[in-house]
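Participant: Sequence first, predicted model second:
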Amino acid sequence: MEKNEFLQLCRDNSLAGNHKLSARILPVVREYLLDHSTDKLPVIWLETSDSGDNNIAFMNATYPYLNHVFTNMIDLIYSNTFMAAQGSDALLLLEDTVNHFRGRFTLVVEGAVPTKDRGIYNVIARTKNGPITALEAITRLGEAAQHVIAIGTCASFGGASSAAPNVTGSVGVSQVLEREVINVSGCPVNPDWFVGTLAHLLMYGKPELDEYNRPKLFYGFTVHHHCQRRSYFDKKDFAKQLGDIECMFSQGCSGPRTGSDCPYRQWINHVSWPVKVNTPCIGCTNPDFPDGSAPFFSPLPQKSKAEKDDNHKQPPMTEGEV
Amino acid sequence: MSPQKILFSPVTRLSGLLSVELSLDNGIITEADVSSTMFRGFEYIMRNRHITDAVYLTQRICGICSTAHGAVASYLLDQLYDNDISENAQILRNIMFGADFLQNHIRHFYFFGLPDFVIMPNQPPFLNQNCSDCRLDDIDNRRLAGHYIDAIKAAEKSHQILALFGGKAPHQHSFVHGGVAVAPTADKINQALALIHDIRNFVQLYMMPDTELISRCYEDYFHIGETPGRFLSFGLFRFGNKNNQVLWKPGILNGCRLDQPQLDFIQEDISRAWFERSESTEQGEVRPAPRKPGAYSWTKAVLYRGQHYEGGPLARMTINGFYNGGTSTMDRIVARSLETLYITELVEEWLHELEPGEPPINQKKELVQDQALSVTDAMRGPLLHSTRLQGEQIERYDIITPTSWNFSPKDDYGNRGPAETALVGTEISAPEFKFVIPGRIIRSFDPCISCATHLFDHRTNTIDKILY
Ligand code: SF4
């Protein structure tokens, strides 16, 4: 489908049926869109094949809380989860944002993109001219956006949605776009990583990225590097079972090959993280999550070989320690 | 007015992707096709994995009720390994599960439901809100819209309780088979008590009066979106060393008749879902068929004794005798708020009962069964996991989620699922209400589509024991 056809689809849909009300409201909206958003990022958030967990994670943002993010950082114009508009009124906003903010809006994608059978396994909306698949929407909106952010491991690398045997042919967003995608991975993302990336874009421009296009600020070191239990590891003092206070390497910890700052940032107002509750890190920020972390409770050398041939997807263990 | 079709797509303010096609005749909805437009194939993903991975991997089915999947998978593993669960572990499990319920219900009411009834500020993400039937006076409206911000913090605090004991949220880590891996220390208990105190205040001072006000202003919704009064719950909050005591009792309610649900009577129906049976593989196995004629949803119809049943807070509250109302849109909303209040009180009580000490976990290492089935209620209704193993590897893993019950497409006989039934017969009194009224009805079920699209085949499921 061509770009114009896609827009036409949205437009046809809005013209179908009675839209007197939208016609009255939309000029106001347009004016709003033109007047505002000069110093905030206009954002279109598409939910595709995922569990919605990154949306929930986003709602858990603390300092700034969600309302601060909405007031000071972004104009979340389209979001299946948050927007007040519904049905074709919602699709109109999508079209308007693309028209008015071409090259200036940020596209946030939450979820993997099914590619098999021309993407029919994920339809973001139905119109009278047919379904708009996630694949079509991302391809078209991705071209028109200033920045594209993949939130969560499904959007970044395929994640759980693309786990073997991947019957829907799901892939990460960067695999369907010929442009740079900032990957903010995690299953789910820690809200700090996402809100922090937005803040960086707003205040200082594009953050420095690692080899998987993730902001180094959050993913630059491994969990293992920062872990409070590192001294146990160094003394080979390993836990005998879940619940023990020693190093969780014996219980399947993927910390040595997982880039993230969980040990010192921690989760939900910075209260805890998996190793702190005596369980292993399961490597959820990794390009090969979950297959490369499975079985979750088996020590690293015994983990599944499923993806191990694929060097591109395989983060190395750090510093040759293991 | 001649018959008219309305395509309501996308239905926003829910988890996942949903479209609804409505037929309208003389302003009355005469047909409704609810269509889940996403498929991930989680049962395929579960195959050939180590069974213990289920506690973490199945949580990835749903981000808003992940603890429910973690819980039911843990109960399943407890059976497979014959674990004994200490009382402290049960209390801790229920605290975490309860905290996730609070998060879900508060967010559903304020983030998803509120913009159905309250005029929100004209700024993103509330642009293009259709407020043609918002009835609160200016002062009330402004007050309730302001509560959106308070709800942000109350829900975040609910997840703080979950993360304190579970490591993170969504997809907590410590509620696993054999108990809970975290040590319930005095400082954590104290921190959680302070958090639940704030949450309880919020629910008492904001959520309950707000629910009351909305239910008064929109009283007609006690007669809009009614269902036939067939309710199902698998029960909620387990105790006992074998997960054998259920605090909120399970039940199958048909009119006035209340029974214990039995698995034998559960069937699935794929006549209008995008699946087909494949003859070549294991008998009765289904596979995706996205171009199947006549089908309109990735959700399968699930039936009990050949009939559709509704699950969720209203079902639980009614079955347990906590709520004695109708079956309408507003009853569903009121029952959810009431349940929120009950759960805040329970979580607080459990925190007082929790004994500080060592991590209450004891995982047995040897499997004693090669198949098991386990149930609970998730936030939005009954949830079932069942598995069959080959050694320690999963051969089959079947899941029936709440949304499969509530958002069932039509079955082979053309009978409608609960959400479709609630829509049909509704009057759309003016053209500008065409999304407003159906949106309110649909959202009262708290749909979650990411979890809805799964495979279950009772015919090939070898376990047909009585559940209770
Ligand atoms: S293996 Fe895991 S628990 Fe052990 S030190 Fe490394 S990150 Fe920490």
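Facilitator: Ah, there it is. Every value quoted in this text rests on a predicted model; they were computed, and no experiment measured them. Numbering: from 1, shown residues only, chains lettered A, B, ... in the order given.
Participant: contacts, neighbours, all on C-alpha from now
Facilitator: Noted.
Participant: For chain A, which residue gets nearest to chain B?
Facilitator: Closest contact between chain A and chain B, by Cα to the nearest Cα, is at residue A:53 (3.6 Å).
Participant: Just give the nearest non-adjacent residue to that residue, would you?
Facilitator: Excluding the flanking residues, the one nearest residue A:53 by Cα to Cα, 6 or more residues apart in numbering or on different chains is residue B:63, at 3.6 Å.
Participant: now chain B, which segments are flagged as low pLDDT?
Facilitator: B:1-2, B:280-284, B:451-468 (pLDDT under 70).
Participant: what ranges of chain A fall below the confidence cut-off?
Facilitator: Counting by pLDDT under 70, chain A contains low-confidence ranges at A:1-38, A:305-322.
Participant: all helices in it, in order from the N-terminus.
Facilitator: Listed in chain order, the helices of chain A (DSSP state H) span A:3-15, A:20-35, A:53-59, A:66-68, A:88-100, A:134-144, A:152-157, A:191-204, A:216-219, A:223-226, A:230-234, A:262-265.
Participant: Deepest-packed of these, please.
Facilitator: Mean neighbour count (mean count of other Cα atoms under 10 Å in any protein chain shown) peaks for helix A:152-157 among the helices of chain A, with a mean of 32.
Participant: Counting by contacts, list what that helix packs against.
Facilitator: strand A:106-110, strand A:170-171, strand A:182-184 (3 or more Cα pairs under 8 Å, 6 or more residues apart in numbering or on different chains; DSSP states H and E).
Participant: how about stretch A:63-78 against chain B, any contact?
Facilitator: Yes: interface with chain B: stretch A:63-78 contributes A:65, A:66, A:67, A:70, A:75, A:76, A:77, A:78 (Cα under 8 Å from any Cα of the partner chain).
Participant: What distance do you get for the third one to residue A:74?
Facilitator: By that I understand residue A:67. The gap separating residue A:67 from residue A:74 is 10 Å, by Cα to Cα, to the nearest Å.
Participant: residue of the stretch 301-450 of chain B with the smallest distance to the ligand?
Facilitator: Distance from the ligand to each residue of the stretch 301-450 of chain B (Cα to the nearest ligand atom) is smallest for residue B:359, at 16.9 Å.
Participant: oh, I was asking about chain B
Facilitator: residue B:167 (13.3 Å).
Participant: Surely that residue touches residue B:180?
Facilitator: No: using Cα atoms under 8 Å, residue B:167 is not in contact with residue B:180; the gap is 11.3 Å.
Participant: Tell me how many other residues crowd residue B:332.
Facilitator: 26 (other Cα atoms under 10 Å in any protein chain shown).
Participant: scratch that, residue B:50
Facilitator: 20.
Participant: List the buried residues for the longest helix along chain B?
Facilitator: Longest helix in chain B, counting residues (DSSP H): helix B:138-166. Buried residues in helix B:138-166, counting neighbours by 16 or more other Cα atoms under 10 Å in any protein chain shown, are found at B:141, B:144-145, B:147-149, B:151-166.
Participant: What parts of the stretch 101-250 of chain A come near chain B?
Facilitator: Counting by Cα under 8 Å from any Cα, the stretch 101-250 of chain A comes close to chain B at A:120-128, A:160-161, A:163-168, A:187-188, A:242-243.
Participant: How about the contacts made by the closest residue to residue A:47 other than its chain neighbours?
Facilitator: In space, residue A:47 comes closest to residue A:110 once its chain neighbours are excluded; the distance is 4.9 Å by Cα to Cα, 6+ apart. Residue A:110 is in contact with A:45-50, A:52, A:54-55, A:150-152, A:154-155, counting by Cα atoms under 8 Å, 6 or more residues apart in numbering or on different chains.
Participant: rerun that using 10 Å as the cut-off
Facilitator: Counting by Cα atoms under 10 Å, 6 or more residues apart in numbering or on different chains, residue A:110 touches A:45-55, A:149-156, A:172-173.
Participant: what sits against residue B:131?
Facilitator: A:21, A:84, A:85, B:115, B:116, B:117, B:118, B:119, B:120, B:432, B:433, B:436.
Participant: Surely the fourth one is within a helix?
Facilitator: It stands for residue B:115. Yes: according to DSSP: H, G, I helix; E, B strand; the rest coil, residue B:115 belongs to a helix.
Participant: could you dump stretch A:241-253 to PDB, C-alpha only?
Facilitator: Extracted in PDB, the C-alpha atoms of stretch A:241-253 (Å, rounded to 0.1, in the frame of the first residue of the first chain):
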ATOM      1  CA  GLN A 241      18.100 -22.700  45.700                       C
ATOM      2  CA  LEU A 242      15.900 -19.700  45.000                       C
ATOM      3  CA  GLY A 243      15.500 -17.700  48.100                       C
ATOM      4  CA  ASP A 244      19.200 -17.900  49.100                       C
ATOM      5  CA  ILE A 245      21.300 -14.800  49.500                       C
ATOM      6  CA  GLU A 246      24.300 -15.900  47.500                       C
ATOM      7  CA  CYS A 247      25.000 -15.400  43.800                       C
ATOM      8  CA  MET A 248      22.200 -16.500  41.600                       C
ATOM      9  CA  PHE A 249      24.400 -17.800  38.800                       C
ATOM     10  CA  SER A 250      23.700 -21.400  39.800                       C
ATOM     11  CA  GLN A 251      19.900 -20.600  39.600                       C
ATOM     12  CA  GLY A 252      20.100 -19.500  36.000                       C
ATOM     13  CA  CYS A 253      21.100 -15.800  36.300                       C
END
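Participant: to the chain's geometric centre, what's the distance from it?
Facilitator: Computed by Cα atoms, centre = their mean, to the nearest Å, the chain-centroid distance of stretch A:241-253 equals 29 Å.
Participant: Kindly report the same for stretch B:420-436.
Facilitator: Taking Cα atoms, centre = their mean, one finds the center of stretch B:420-436 at 24 Å from the center of the full chain.
Participant: Also stretch B:101-113?
Facilitator: Distance of stretch B:101-113 from its chain centroid, counting by Cα atoms, centre = their mean, is 12 Å.
Participant: Tell me which residue lies nearest the centroid of chain B.
Facilitator: The centroid of chain B falls nearest to residue B:380 when counting by Cα atoms, centre = their mean (2.2 Å).
Participant: who's in contact with that residue?
Facilitator: By Cα under 10 Å, 6+ apart, the contact set of residue B:380 is B:65, B:101, B:104-105, B:310-316, B:336, B:401-403, B:405-406, B:445-448.
Participant: Could you say which helix or strand holds the residue nearest to residue B:186 when sequence neighbours are not counted?
Facilitator: Nearest residue to residue B:186, sequence neighbours excluded (Cα to Cα, 6+ apart): residue B:356, at 5.6 Å. If you go by DSSP states H and E, residue B:356 is not part of any helix or strand.
Participant: doesn't residue B:189 make contact with residue B:356?
Facilitator: Yes: here residue B:356 reaches residue B:189: they are 7.8 Å apart, a contact under Cα atoms under 10 Å.
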